[in-house]
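Student: when you get a sec, could you give me coordinates for this:
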Amino acid sequence: MKGNSLIIIPTYNESENIELIINKILLLNDFNDVLIVDDNSPDGTSEIVSNLKKQNIDRIFLIVRDKKKGLGSAYTNGFKWALDKNYSYIFEMDADLSHDPAEIIKLKELLIKNDTDVVIGSRYLNGVSVVNWPLSRIFLSYFANIYVKIITGMPIKDSTSGFIGYSREALSSLDINKIKFNGYAFQIEMKFKLWKKNFKLREHQIIFVNRKSGKSKMDKNIIFEAIFGVIILKINSIFKIYE
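Tutor: Got it, this is the predicted structure:
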């Protein structure tokens with residue numbers, strides 16, 4: 001039976017984590033389906049998902065793309081798929097277990113109660129709730145979010161968070177084809193555009209745990225995109241170019 005919410009997880013070489021996170025989501029028993037968007041991982045991630053799908057054909061879905069195209073591109077593919085399938089609530093989260101699937105229940109509850117249109121799993125709502133990150137990475141992330149807040153004026157403490165729930169109404173208000181960015185800037189862009197459209201964004205404190213298995217996809221290009229992308233978003237908003 002199709003659930004009323006979909007959790008989208010982009011993957012590239014996540015064979016060590018993917019089965020565990022899918023099983024944790026399914027065990028929530030909260031009418032959640034899972035869509036994996038895999039960028040043709042050479043480590044066999046999509047084959048693992050295909051095998052899991054055989055036992056859960058109505059709850060696990062898989063898109064395999066021909067090459068590595070990036071996080072934002074994966075999510076925009078997933079968003080289009082979710083809207084086409086008429087899901088009421090659409091979530092995004094990482095594949096590496098840094099986001100606790102159990103938090104989906106709380107995020108979804110906030111959306112269902114119509115208390116918010118977009119709910120953000122925040123690492124910085126009440127202090128810093130990050131486990132096993134090096135101090136340099138915490139500083140980079142924390143001050144990057146302060147930078148975003150100063151430039152954009154958006155009242156969000158964790159604009160780069162990748163653990164987010166959207167109402168169908170909020171997500172469908174965007175022209176998904178006009179999403180420009182692909183890394184952290186993608187996460188900022190989504191929140192900024194919805195905020196400018198006067199949707200209500202709310203943060204919910206989570207504990208973020210650094211991955212134990214697999215390799216991080218962070219690189220300097222993602223950081224540079226975020227730095228300059230925020231400025232581009234602000235300039236575009238001045239000229240009302242944020243649909």
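Student: beyond the helix or strand harbouring Ser141, next helix or strand please.
Tutor: Per DSSP states H and E: Ser141 is located in helix 135-152. Moving toward the C-terminus from helix 135-152, the first helix or strand encountered (DSSP H and E) is strand 164-167.
Student: quick one: mean pLDDT for the next helix or strand after that next one?
Tutor: Per DSSP H and E, the first helix or strand lying C-terminal to strand 164-167 is helix 168-172. The predicted model gives helix 168-172 an average pLDDT of 97.
Student: whichever helix or strand comes after helix 168-172 versus helix 135-152: what angle between them?
Tutor: Counting by DSSP H and E, the element after helix 168-172 in chain order, helix or strand, is helix 184-196. Comparing the axes of helix 184-196 and helix 135-152 via axes from the mean of the first three to the mean of the last three CA atoms, to 10 degrees yields an angle of 40 degrees.
Student: show me the strands in this protein, by range?
Tutor: Taking DSSP state E, the strands of the chain run over residues 5-11, 32-38, 60-64, 89-92, 118-122, 130-131, 164-167, 201-205, 208-209.
Student: give me the sheet partners of the first one and which way each runs.
Tutor: Within its sheet, and counting by DSSP bridges, strand 5-11 is paired with strand 32-38 (parallel), strand 89-92 (parallel).
Student: lowest-scoring secondary structure element of the protein by mean pLDDT?
Tutor: Taking mean pLDDT, DSSP states H and E as the measure, the helix or strand of the chain with the lowest value is helix 220-238, at a mean of 78.
Student: tell me the buried residues in that helix?
Tutor: By neighbour count on 16 or more other CB atoms under 10 Å, the buried set for helix 220-238 is 222, 225-226, 229-230, 233-234, 236-237. For every residue, glycine as well, the C-beta is placed using N, CA and C.
Student: stretch 150-164 now?
Tutor: Residues of stretch 150-164 classed as buried under the neighbour-count rule (16+ other CB under 10 Å) are 152, 154, 156-164.
Student: contacting residues for Ile223?
Tutor: Residues in contact with Ile223, defined by CB atoms under 8 Å, 6 or more residues apart in numbering, are 140, 144, 184.
Student: so where's the chain shaky on pLDDT?
Tutor: Low-confidence segments of the chain, defined by pLDDT under 70, span residues 1-3, 213-220, 222, 240-243.
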